[in-house]
Structure formats: structure tokens, C-alpha cells
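Student: Generate coordinates for the sequence data below:
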Amino acid sequence: MKWRVLNRNGNDALLLADVALDDQKYNTNYEDVTWETSSMRSWLNGYGASVNQPKTDYSRKNFINSAFTSTQRNAIKTTNVVNNNNIDYGTAGGNNTSDKVFLLSESEVYNTDTAAGYGFAKDYSTYDEARRSRCSTYAYAMGTERCYNTDAEYTKYNGNIWWWLRSPGDNSDCAAEVDDNGWVSEVWL
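Tutor: Purely as a prediction, here's the structure:
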């Protein structure tokens, strides 16, 4: 696996995996949530049932413990994660959180100088190669859908996937995602 360095600050680096590593719902229950209360956040970081809306305990079976060795986990710093409102719709982003593993936000993939500094296009509707992603063999086996299109204009995107952002969508029962073409959109949880 390769990591894309989005930002460096001294010895610290913000990393993005070059492929999707697993397949999970943003929230296991179809209800209003924010990043703070989503099952995704708890699963990524190994939080207990009191932290997420579905009340699922991820302290034993979670991403951070499965994907990283104990030495690697110790090297991952806790980050103050800012959860802004949705850029276009104003949907509440919720409280800021402190996490080791987190999804990127809308403002980290478009519309800001930060996004541009990370190498992403400023416009959400640009077919942005930097926002396009593929998935690992494991993620595919876990259910990640690879997109395929027979329209000649779009075949160059075949094999790409959609990936979650932590930002809310146009309502609090949906989240923002990046589609297979590199567009940012809102979809149902």
C-alpha cells in the first residue's frame, strides 16, 4: 500500500491511502448523524458504544487495530478534526472531534486553498484525477463497488470507486462522497 502525503508540518504528516482499504457504511442505522456520532468514526478508531449513534462497541473489532501494528498505532497522532457545516446546504457538521483516523471533509477536497494545497481541484464538479480512487482487493471482497460504464466518454473511469467524506450532505441523514469521476456529491447513508 502507498500513502499520499497531503501535508507536512515538521515531523508530522497528513496521509491519505492511495486506495480504499475497506468497505463500511457511514452509519449502520439510517438516521440523522454527524461525523462525531457516526458508526464509521467509531469503527475507524476503535471507540466504544457510548460514542456512536447505533451504540455499537468497536473497541475490539475495528479498523485501527486491524490495519496497523501496535508500533504504527503509537506513531499515529491524535488530530483535532474540524467538522464544518456542508458548504452548499449549511447542514450542521456537528462538534469537532479528536481522532487518530478520520475521513477527509469537503473543505479538504474542494472549494478552499487547503484543498488546492493538497492537490485537489477547487471546483466540486471538476473531473478531478486527484480525487479519483480505486480499492484494495480486500475492500472489493468486503463489498466496495467498482464502477464500470460502457459510454466511451466515461470508460477511462472504469474500476474507480466512490469514497466517503466526513462532511454531512444536503441533510443530516446523508453524507458527502467523492464519485468515480472525481466529483463531490451528497448521498444517502
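Student: The residue nearest to residue 111 when sequence neighbours are not counted: how many residues sit nearby?
Tutor: Ranked by C-beta to C-beta, 6 or more residues apart in numbering and with sequence neighbours excluded, the top spatial neighbour of residue 111 is residue 87, at 5.5 Å. To be clear about C-beta, it is placed using only N, CA and C from the backbone, and glycine gets the same treatment. Applying other C-beta atoms under 10 Å, we find 18 residues neighbouring residue 87.
Student: Start at 337, not 1
Tutor: Taking 337 as the first residue, the last one we looked at is residue 423.
Student: wouldn't residue 423 be in contact with residue 445 here?
Tutor: No - using C-beta atoms under 8 Å as the test, residue 423 is too far from residue 445 to be in contact (10.5 Å).
Student: show me what contacts the residue lying closest to residue 376 once chain neighbours are set aside?
Tutor: The spatially closest residue to residue 376, leaving aside those adjacent along the chain, is residue 362, at 5.0 Å (C-beta to C-beta, 6+ apart). Residue 362 sits next to 369, 374-376, 500, 511, 525 when contact means C-beta atoms under 8 Å, 6 or more residues apart in numbering.
Student: can you list those residues in JSON lines and add neighbour count, distance to residue 428 and secondary structure?
Tutor: Formatted as JSON lines, the contacts of residue 362 follow (neighbours: other C-beta atoms under 10 Å; distance: C-beta to C-beta, whole Å; DSSP: H, G, I helix; E, B strand; the rest coil):
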{"residue": "369", "neighbour count": "25", "distance to residue 428": "11", "secondary structure": "coil"}
{"residue": "374", "neighbour count": "28", "distance to residue 428": "13", "secondary structure": "coil"}
{"residue": "375", "neighbour count": "23", "distance to residue 428": "18", "secondary structure": "helix"}
{"residue": "376", "neighbour count": "24", "distance to residue 428": "17", "secondary structure": "helix"}
{"residue": "500", "neighbour count": "19", "distance to residue 428": "18", "secondary structure": "strand"}
{"residue": "511", "neighbour count": "27", "distance to residue 428": "13", "secondary structure": "strand"}
{"residue": "525", "neighbour count": "22", "distance to residue 428": "15", "secondary structure": "coil"}
